[in-house]
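# model this:
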Amino acid sequence: LSGLRSASSHLVSGGTFALWSDDPPDEDFIALLGTVFTDVEATQVWFDNPLTRGKSAATIYLGTRH
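Next up is the predicted model:
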């Protein structure tokens, strides 16, 4: 929580925090983001992965500074 608050303090009002994760969306983390940021969302992004020669997914978390 202190790291998220610190990240938020470096944003101007209305600025956006973004985090890329290789894991699926995590409801607990989304709730934690909601204690620091407004307009929080998590979007799963699918992409062609040349290393696996298949599809992979990542999660993008976004939150706007209060």
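# dump the residue contacts of residue 14.
64, 65 (Cβ atoms under 8 Å, 6 or more residues apart in numbering). All C-beta spots, glycine's among them, are computed from the backbone N, C-alpha and C.
# cool, residue 55 as well?
Counted by Cβ under 8 Å, 6+ apart, residue 55 has contacts 46, 47, 48, 49.
# which element is it on?
Element membership for residue 55 (DSSP states H and E) is strand 54-65.
# got the buried residues for that strand?
Neighbour counts over strand 54-65 (16 or more other Cβ atoms under 10 Å) mark 59, 61, 63, 64, 65 as buried.
# gap between the first one and residue 66?
Okay, so that is residue 59. 23 Å (Cβ to Cβ, to the nearest Å).
# sorry, back to before: quick check: which of the buried residues of strand 54-65 has the minimum pLDDT.
The lowest pLDDT within these belongs to residue 65, which sits at 93.
# So the nearest residue to that residue once chain neighbours are set aside: helix, strand or coil?
Sequence neighbours aside, residue 11 is the residue nearest to residue 65 in space, at 4.2 Å (criterion: Cβ to Cβ, 6 or more residues apart in numbering). Here residue 11 is coil, with the state taken from DSSP: H, G, I helix; E, B strand; the rest coil.
# Any idea how many residues pack against residue 11?
Neighbour count of residue 11, defined by other Cβ atoms under 10 Å: 15.
# do the same with residue 21
14.
# and what of the one 3 residues further on?
When neighbours are defined as other Cβ under 10 Å, residue 24 has 10 of them.
# For my notes, confirm it occurs in a helix.
No - going by three-state DSSP, the assignment for residue 24 is coil, not a helix.
# check contacts around it.
44, 57, 59.
# pretty sure the last one contacts residue 23?
Yes - with contact defined as Cβ atoms under 8 Å, residue 59 reaches residue 23; the gap is 6.3 Å.
# and of the contacts of residue 24, the nearest to residue 36?
Nearest to residue 36 among those: residue 59, at 17.5 Å, using Cβ to Cβ.
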